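Visitor: Any chance you can model this:
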Amino acid sequence: MIHRRTFVAGTAAALTLPSIAFGQGGQIRLVVPYGPGGSTDTAGRVLAERMSADTGKNIVVENRPGGGTMVGMVNVAKSKPDGTSLMVLTTTAALQPAFDIPMPIDPQKDLAMVAQLADIPCVLAVNANNPAKTFAEFIEWVKAQPDPVHYSTSSSGGLPHLWGEVIATRTNGKLQHIPYKAAAEALRDAVAGHVPAFVDVTTPVDAQIRAGTMRGLICGAKSRVANIPTVPVASELGAPELEAAVYFGVATTAGTPRETILELNAAVNAALKAEAVRERLMSLGFIPTGGTPEAYAKRLADETVRWRKVIKDAKIPAPT
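Guide: Below is the predicted model:
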């Protein structure tokens, strides 16, 4: 009887999840705009697996890399608006419009937001031999140097770069960006002391911070994060305006019925409440979020406004 009750309860719970989007008898795609094997791909597969188990429907991950995630966005934007084409949307949906360059689609208009998925906050770290022990000391140290002080990131025009430019305003422009081709290369030179500072999300540098080869000075999260618990967050340092994170969400095709979007939203939020999903995402450096479609759409719009000003003030060219 215990097993039967458990089965019936689980079945009833599943029936409260998406019926419209998942009731058409076809396969549901979750497009990941990167190649297989990375953390975004892994997060997408964790989500798809849990949503499949919860709903009893087949949700498959489809990798469509290229164009700074635009290839994936265009594919989903041009799909049938029935909720059977989903995608893991990244911060680029806010940053690309902020550069005010021509795009094949407007991600915030041609896609419908379903739910926030997770954040990975930004962090500023320095080599362990740097004399600065705190964020305030680092700012004063940079100001005192006769020549510009460089910070490395994984690319030009990405969120870590833009966040670094906000930090640079506190140094009277003496903190200058050096873009690399990948986070691993940027971190390698920072660990070796060739570049004084490194800015990126937490996952490339967390192990180095814990090992003591790099010193985390400030994290853009709202509260301290599990993989770098010793690093103070912006609000602790009296700088809440320095909160910043690369964030992810789930989107579908614009024009998808509102009822379908709400059902998809319920499925995503249910998956994010599962302890196994939360633990897996956090092991990858993600902070699970969730929320309403409206909250996610507002965040994208607000972030576009925020970073457009930074881009214009710092005269940052659009990434190529």
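
Visitor: what's the neighbour count on residue 300?
Guide: Residues lying near residue 300 (other CB atoms under 10 Å) number 22. For every residue, glycine as well, the C-beta is placed using N, CA and C.

Visitor: what's the answer for residue 302, then?
Guide: Residue neighbour count, defined by other CB under 10 Å, stands at 11 for residue 302.

Visitor: where's it, which helix or strand?
Guide: Element membership for residue 302, per DSSP states H and E: helix 293-314.

Visitor: starting at the chain centroid, how far to that helix?
Guide: 14 Å (CA atoms, centre = their mean, to the nearest Å).

Visitor: tell me the SS of residue 116?
Guide: strand (DSSP: H, G, I helix; E, B strand; the rest coil).

Visitor: Residue 156 - that's part of a strand, no?
Guide: No. Going by three-state DSSP, the assignment for residue 156 is coil, not a strand.

Visitor: For the closest residue to it other than its chain neighbours, give me phi and psi.
Guide: Nearest residue to residue 156, sequence neighbours excluded (CB to CB, 6 or more residues apart in numbering): residue 179, at 4.0 Å. Phi and psi for residue 179, reported as degrees, to the nearest 10, are phi -80, psi 140.

Visitor: wait, residue 179 sits on residue 153?
Guide: Yes. Using CB atoms under 8 Å, residue 179 is in contact with residue 153, at 6.0 Å.

Visitor: So for the two, which residue has more residues nearby?
Guide: It is residue 153, of residue 179 and residue 153, that has more neighbours when counted by other CB under 10 Å, with 26 against 15.

Visitor: distance of that one from residue 124?
Guide: Counting by CB to CB, to the nearest Å, the gap from residue 153 to residue 124 is 10 Å.

Visitor: shared neighbours of the two, anything?
Guide: 164, 198-199 (CB atoms under 8 Å, 6 or more residues apart in numbering).

Visitor: ok, how many other residues are close to residue 226?
Guide: Residue 226 has 11 neighbours, counted by other CB under 10 Å.

Visitor: pLDDT at it, what is it?
Guide: For residue 226, the pLDDT comes out at 89.

Visitor: now swap in residue 320 and tell me
Guide: pLDDT at residue 320 comes out at 75.

Visitor: Just list the residues touching the residue nearest the centre of the chain, thanks.
Guide: The structure's the chain has its C-alpha centroid closest to residue 247; by CA atoms, centre = their mean the separation is 2.4 Å. Residue 247 makes contact with 90-91, 116-120, 289, 299, according to CB under 8 Å, 6+ apart.

Visitor: Just the closest of those to residue 157, please.
Guide: Among the contacts of residue 247, residue 91 lies closest to residue 157 (CB to CB), at 11.3 Å.

Visitor: how close does that closest one get to residue 304?
Guide: For residue 91, the distance to residue 304 equals 10 Å [CB to CB].

Visitor: One more: residue 126?
Guide: 30 Å.

Visitor: Would you confirm that residue 261 contacts residue 252?
Guide: Yes. Applying CB under 8 Å as the test, residue 261 and residue 252 come out as touching, 6.8 Å apart.

Visitor: what residues are shared contacts of the two?
Guide: Contacts common to residue 261 and residue 252, judged by CB under 8 Å, 6+ apart, are 83, 112, 114.

Visitor: Including neighbour count, pLDDT and distance to residue 104, could those residues go into a markdown table?
Guide: A markdown table is the format used below for the shared contacts of residue 261 and residue 252 (neighbours: other CB atoms under 10 Å; pLDDT from 0 to 100; distance: CB to CB, whole Å):
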| residue | neighbour count | pLDDT | distance to residue 104 |
| --- | --- | --- | --- |
| 83 | 25 | 95 | 22 |
| 112 | 23 | 98 | 17 |
| 114 | 30 | 98 | 21 |
